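S.K.: Need coordinates for the below:
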Amino acid sequence: MNNSLNKNAGLLNKFTGFYFLTVIVLWLKTYFTQLTVFDLGVEGTFQHFLLFINPLGSALLFLGLSFFSKGRRRYIWLMIFYTVMSIWLYANVMYYRFFNDFITLPTILQTQNFGDLGGSVASLFQITDILFFVDCFILIALLAFKVIKVEKTVQPRKKAVAIITLALGFMCLNLGLAESDRPELLTRGFDRNYIVKYLGMYNFTIYDAVESTKAASQRVLADSSDVTEVINYTQSNYAAPNEKYFGVAEGRNVVYLHLESIQSFLMDYHLNGEEVMPFLNSLAKHEDTIYFDNFFHQTAQGKTADAEFLIDNSLFGLPQGAAFITKGRNTYHAAPAILKDHGYTSAVLHGNGGSFWNRNEIYKSFGYDHFFDSTYYEAESEQDLAEYGLMDKPFYKQSIPYLQSMEQPFYAKLIPVTHHYPFELDEELATIGKADTSSRTVNNYFQTARYADEALAQLFEDLKEAGLYENSIFILYGDHYGISQNHNKAMADIIGKEVGSYESASLQRVPLMIHIPGVDMEGGVNHTYGGQIDVMPTLLHLLGIDAKPFVLFGQDLLSEDHSQVAVFRNGDYVSPEFFAVEGKYFDAKTGLPIEDEEQLKIAKELKEEVEYKLMLSDKTVNGDLLRFYTPEGFTPVDRNQFDYSKTEIDE
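M.R.: Numbering: from 1, shown residues only. A predicted model of the protein is given here:
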């Protein structure tokens with residue numbers, strides 16, 4: 001036995017032996033993290049096998065780079081690589097807890113937002129997280145206290161080449177096995193979950209770096225001929241306006257009310273016998289309101305910024321990062337610029353800092369005349385401040401004078417912040433109890449939703465008193481989910497059934513209400529399937545402006561030609577017939593998997609159309625193609641004419 005121990009110790013005293021020890025520890029740590037923290041939808045023995053082996057190739061590769069150094073430096077570089085990979089693993093764990101997604105290179109450019117996350121990030125920390133770094137300290141201690149002796153023998157360069165060759169060979173084998181189960185994994189990779197499930201988190205980082213580089217180069221390589229395919233597509237998919245609704249809101253003020261983190265399951269929901277959102281429920285039932293109950297958010301990593309991007313441009317957000325950050329200086333044909341040619345002034349009102357999500361730059365590209373950010377608002381006490389800015393009630397109160405100061409008709413978007421993760425609210429402000437589930441997030445969610453609802457009720461009364469209600473059209477839209485899939489177990493208690501793939505997709509419904517006071521348009525519930533991409537063409541037609549000349553990937557929700565397919569950013573979709581979710585196809589009415597071959601064929605063909613649509617939108621944004629096309633009657637935006645900084649005149 002002593003001989004066996006001495007032999008093992010002797011192996012670890014060799015650099016190659018210590019290297020393979022670090023590879024094994026990092027491999028197993030990453031595997032258990034991917035298995036237990038990330039919800040990757042792993043099914044069957046083969047996918048579990050792939051999940052088990054996929055961290056090995058990248059561990060061999062990145063740690064193997066240390067072989068190119070010499071002497072003690074090999075050990076230093078090995079531990080640097082090991083620690084950096086551990087930090088990257090943990091960073092993705094934290095990011096996943098918040099966004100239910102993985103870090104991409106474009107999101108790193110969004111670090112300007114991190115300082116405003118504050119307690120939201122702190123609330124994600126768990127005491128067990130120290131286990132992510134215990135192994136780092138142990139390995140370093142083994143070297144520092146000479147439990148494992150440093151080998152000073154010079155390693156032949158061919159050993160380094162052999163290690164890297166072994167790693168690359170293993171990664172190619174992994175990719176080949178993954179392709180056998182998921183053909184065209186990398187060429188049709190809208191869903192990051194698939195890449196991580198099949199290739200692992202570290203290999204996903206390599207894939208993302210390649211894709212981000214390709215996207216960045218598209219603008220340089222693009223020319224005017226590239227926009228032709230896009231225009232042909234949007235023109236052929238144009239949905240003519242419904243004559244019944246066309247122009248019913250002509251000349252009215254447009255007021256967008258952003259419903260932060262509101263999901264549709266909250267509509268008519270009662271918690272402990274109490275209506276959670278009585279005002280929104282009453283507005284949805286108002287005779288002057290059309291309420292869309294099959295409306296879905298279509299955001300990705302940009303979340304709120306993606307929602308704004310979709311609403312203002314009828315373009316999809318990007319698959320990695322947020323266009324608000326990386327494409328802030330692109331040419332856009334956004335709603336504020338289009339409406340400017342029809343006599344409208346425009347503004348965004350938001351109680352957070354102007355630089356958050358790069359708003360103070362991209363709004364210039366959209367053509368917004370004004371941006372009233374946190375510098376225009378005041379908090380009278382600490383109780384007036386939420387995690388991301390001013391609480392909703394004081395925010396709406398202080399917004400009324402700014403709306404009154406604008407030349408009418410105006411296009412204004414109000415973005416509140418109270419009902420945002422982690423959904424914390426002072427007990428003095430809470431007017432409904434918490435839920436009772438295993439998730440603190442879910443339990444808190446209902447109190448801030450009630451507060452947001454009360455604030456909206458107050459806003460509508462103030463708008464009436466200010467004389468801004470009767471001559472306006474109000475569009476209230478949910479921006480993204482509030483409860484991520486990480487809380488599906490708790491959500492099962494809320495909705496009364498287990499949350500699988502079909503139910504998870506159903507929970508991506510968010511409210512859309514179009515409220516036009518005093519217009520006889522037969523309001524009520526509209527069951528049309530659609531998403532945020534469809535809001536802009538719907539609004540233009542309600543204002544009596546034909547959407548056809550513009551490059552819009554959405555369709556008028558009120559048009560009889562509307563296709564009723566809501567496209568998710570990852571390539572999934574929902575429609576009245578089919579739900580395509582995580583590589584599976586469900587009957588939209590029953591929620592059961594589709595077994596009929598003919599139906600399955602139709603559902604898969606629709607999936608291909610969805611991916612083509614996403615590709616064209618990405619091509620438009622990444623290539624900045626709208627700079628090559630100016631619709632007839634449209635005045636291009638001059639960014640230099642806008643300055644959102646507060647001046648003495650504004651005091």
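
S.K.: residues contacting Ile533?
M.R.: With contact taken as Cβ atoms under 8 Å, 6 or more residues apart in numbering, Ile533 is in contact with 298, 310, 314-316, 553-554, 567. Quick note: C-beta positions are derived from backbone N, CA and C, even for glycine.

S.K.: Now do it against Phe18, distance only.
M.R.: Noted for Ile533: a distance of 53 Å to Phe18, by Cβ to Cβ, to the nearest Å.

S.K.: Then Ile432?
M.R.: Separation of Ile432 from Phe18 (Cβ to Cβ): 58 Å.

S.K.: and the residue nearest to the spatial centre of the chain, what helix or strand is that in?
M.R.: Nearest to the geometric centre of the chain sits Ala300, at 2.5 Å (Cα atoms, centre = their mean). Assigned by DSSP states H and E, Ala300 falls within no helix or strand.

S.K.: That one and Phe324 touch, don't they?
M.R.: No - when contacts are counted by Cβ atoms under 8 Å, Ala300 is not listed as touching Phe324 (11.9 Å).

S.K.: which residues are in contact with both of these two?
M.R.: With Cβ under 8 Å, 6+ apart, Ala300 and Phe324 have common neighbours Asp306.

S.K.: Kindly report the domain assignment for the protein.
M.R.: Here the domain parsing of the chain from automatic domain parsing is 2-218, 242-559.

S.K.: For the first one, the averaged confidence score.
M.R.: For domain 2-218, the mean pLDDT works out to 84.

S.K.: before we move on, back to that, using JSON lines, please lay out the domains of the chain together with distance to Gly571.
M.R.: Below are the domains of the chain laid out as JSON lines (distance: least, Cβ to Cβ, whole Å):
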{"stretch": "domain 2-218", "distance to Gly571": "4"}
{"stretch": "domain 242-559", "distance to Gly571": "9"}
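
S.K.: which of the ones you listed is buried the deepest?
M.R.: Ranked by mean neighbour count, the domains of the chain are led by domain 242-559 with a mean of 20 (mean count of other Cβ atoms under 10 Å).

S.K.: Ends of that one, what's the gap?
M.R.: 5 Å (Cα to Cα, to the nearest Å).

S.K.: likewise stretch 358-378?
M.R.: 22 Å.

S.K.: Tell me how far Gln47 lies from Lys340.
M.R.: If you measure Gln47 against Lys340 using Cβ to Cβ, the figure is 52 Å.

S.K.: likewise Val525?
M.R.: Distance from Val525 to Lys340, counting by Cβ to Cβ: 34 Å.

S.K.: Same check on Val637?
M.R.: In this view, Val637 and Lys340 are 9 Å apart by Cβ to Cβ.

S.K.: same check, this time on Leu310
M.R.: Distance of Leu310 to Lys340, computed by Cβ to Cβ: 20 Å.

S.K.: likewise Lys589?
M.R.: Distance check for Lys589 against Lys340: by Cβ to Cβ, it reads 44 Å.

S.K.: Pro549 contacts Phe634, correct?
M.R.: Yes - if you go by Cβ under 8 Å, Pro549 and Phe634 touch, sitting 7.3 Å apart.

S.K.: For Glu380, give me its contacts.
M.R.: For Glu380, the contact set (Cβ under 8 Å, 6+ apart) comprises Pro394.

S.K.: try it again with 7 Å
M.R.: With contact set as Cβ atoms under 7 Å, 6 or more residues apart in numbering, Glu380 has no partners.

S.K.: what about it, which SS state?
M.R.: coil (DSSP: H, G, I helix; E, B strand; the rest coil).

S.K.: Chain neighbours aside, what residue packs nearest to Thr104?
M.R.: Gln320 (3.9 Å; Cβ to Cβ, 6 or more residues apart in numbering).

S.K.: Then Glu275?
M.R.: Using Cβ to Cβ, 6+ apart and skipping the chain neighbours, the partner closest in space to Glu275 is Asn281 (6.4 Å).

S.K.: Could you say which helix or strand holds that neighbour?
M.R.: helix 278-284.

S.K.: Show residues contacting that helix.
M.R.: If you take Cβ under 7 Å, 6+ apart as the criterion, helix 278-284 is touched by 267-268, 275, 289, 291, 453, 456-457, 511, 513, 515.

S.K.: Centre of the chain to the one helix or strand Ala457 maps to, how far?
M.R.: Assessed by DSSP H and E, Ala457 sits inside helix 440-465. In terms of Cα atoms, centre = their mean, to the nearest Å, the centre of helix 440-465 is set 23 Å apart from its chain centre.

S.K.: Rounded mean pLDDT for the following helix or strand past that helix, please.
M.R.: Sequence-wise, the next helix or strand downstream of helix 440-465 (DSSP H and E) is strand 472-478. Averaging pLDDT along strand 472-478 gives 98.

S.K.: about what we covered before: for my notes, please list the contacts of helix 278-284 in JSON lines and give secondary structure for each entry.
M.R.: As requested, these are arranged in JSON lines below (three-state DSSP):
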{"residue": "Met267", "secondary structure": "coil"}
{"residue": "Asp268", "secondary structure": "coil"}
{"residue": "Glu275", "secondary structure": "strand"}
{"residue": "Thr289", "secondary structure": "strand"}
{"residue": "Tyr291", "secondary structure": "strand"}
{"residue": "Asp453", "secondary structure": "helix"}
{"residue": "Leu456", "secondary structure": "helix"}
{"residue": "Ala457", "secondary structure": "helix"}
{"residue": "Pro511", "secondary structure": "coil"}
{"residue": "Met513", "secondary structure": "strand"}
{"residue": "His515", "secondary structure": "strand"}
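
S.K.: Pick out the most distant pair among these.
M.R.: Glu275 and His515 (19.2 Å; Cβ to Cβ).

S.K.: Report the secondary structure state of Glu498.
M.R.: Per three-state DSSP, Glu498 ends up coil.

S.K.: OK, contacts around it?
M.R.: By Cβ under 7 Å, 6+ apart, Glu498 lies in contact with Ala492.

S.K.: so how far is Gly169 from it?
M.R.: 42 Å.

S.K.: do the same with Ile262
M.R.: 50 Å.
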